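Chemist: below are the sequence and a predicted model; questions follow.
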Amino acid sequence: QQPVQSPQAVILREGEDAVINCSSSKALYSVHWYRQKHGEAPVFLMILLKGGEQKGHEKISASFNEKKQQSSLYLTASQLSYSGTYFCGTSQGGSEKLVFGKGTKLTVNP
Amino acid sequence: SQTIHQWPATLVQPVGSPLSLECTVEGTSNPNLYWYRQAAGRGLQLLFYSVGIGQISSEVPQNLSASRPQDRQFILSSKKLLLSDSGFYLCAWSVMPHSGNTIYFGEGSWLTVV
């Protein structure tokens, strides 16, 4: 049930774009995105519910394709502060459980 | 506003010793509560979750246990720690009883078993 994230790691220069993908073998009700800085707790970025909606948060946006059971996180014009590990969490309908992928480590260099 | 606190923040315990991590949520009632563990450089593993007092669901069979003695209190325990129990333990909460609810994490507790 654990979602699969790709790529495992990304290295960018400041101002470049990145896409992080999250896929599941199970039908999904929702996808949640979090960012974790080293040594800190994960911080909530956004939630996407089934319906194929796209959401945005500053220069970070995400899409959810429920038919393909996939979600993508888009980071545009990356900033140094975007560095960290990004996790997607997924839930199936009727469950309070949120299961996370293994994470994607994003490094933004000057 | 809602807040979550967990303690202790850091602890070093010998193998075979007991463990108790505590978490409390303020500013909300009847939250869903969760314990996650993150081994060094690894992902977030769901250990337990609770939808109400005395209701605990275990996700991973191991030497850990969880209890919810009060509505906003969640405790993670072990009678005898193993080296493999080392990691970053995160308590989390959510308020919506259905899928799609957002969970918020506490500050975390670093456990080193020596």
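Modeler: Here it is on my side, so go on.

Chemist: dump the residue contacts of A:Ser24.
Modeler: A:1, A:3-4, A:69-70, A:90 (C-beta atoms under 8 Å, 6 or more residues apart in numbering or on different chains). (Each C-beta comes from the backbone N, C-alpha and C, glycine too.)

Chemist: repeat the analysis, applying 6 Å as the threshold.
Modeler: A:Ser24 makes contact with A:3, A:69, A:90, according to C-beta atoms under 6 Å, 6 or more residues apart in numbering or on different chains.

Chemist: and for B:Leu83?
Modeler: Counting by C-beta under 6 Å, 6+ apart, B:Leu83 touches B:15, B:113.

Chemist: now it: phi and psi?
Modeler: B:Leu83 adopts backbone torsions of phi -60, psi -40, taken as degrees, to the nearest 10.

Chemist: where does the chain dip in pLDDT?
Modeler: Just so you know, I chose chain A. Across chain A, residues meeting the criterion (pLDDT under 70) sit at A:51-57, A:93-95.

Chemist: the chain in question should be chain B.
Modeler: B:61, B:96-101.

Chemist: mind doing that once more with 50?
Modeler: B:98-99 (pLDDT under 50).

Chemist: which bits of it sit near chain A?
Modeler: Neighbours of chain A within chain B, by C-beta under 6 Å from any C-beta of the partner chain: B:32, B:43-44, B:51, B:90, B:99-100, B:102-103, B:105, B:107-108.

Chemist: hmm, which two among these are most spread apart?
Modeler: The span of the residues of chain B next to chain A, defined through C-beta to C-beta, is set by B:Ser99 and B:Glu107 at 26.0 Å.

Chemist: tell me which of these two has more neighbours.
Modeler: B:Ser99 (19 against 14; other C-beta atoms under 10 Å in any protein chain shown).

Chemist: that older thread, just the residues of chain B next to chain A: which are in strands?
Modeler: Members of the residues of chain B next to chain A lying in strands (criterion: DSSP state E): B:32, B:51, B:90, B:105.

Chemist: isn't B:Thr3 up against B:Glu26?
Modeler: Yes: at 4.8 Å, B:Thr3 and B:Glu26 qualify as touching, with contact defined as C-beta atoms under 6 Å.

Chemist: now the common contact residues for those two.
Modeler: In contact with both B:Thr3 and B:Glu26: no residue, using C-beta under 6 Å, 6+ apart.

Chemist: tell me, how many neighbours does A:Lys59 end up with?
Modeler: 13.

Chemist: scratch that, A:Thr76 is what I was asking about
Modeler: Around A:Thr76 there are 15 residues (other C-beta under 10 Å).

Chemist: in a markdown table: the ones in strands among the residues of chain B next to chain A, plus neighbour count.
Modeler: Formatted as a markdown table, these follow (neighbours: other C-beta atoms under 10 Å in any protein chain shown):
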| residue | neighbour count |
| --- | --- |
| B:Asn32 | 23 |
| B:Val51 | 15 |
| B:Leu90 | 26 |
| B:Phe105 | 21 |
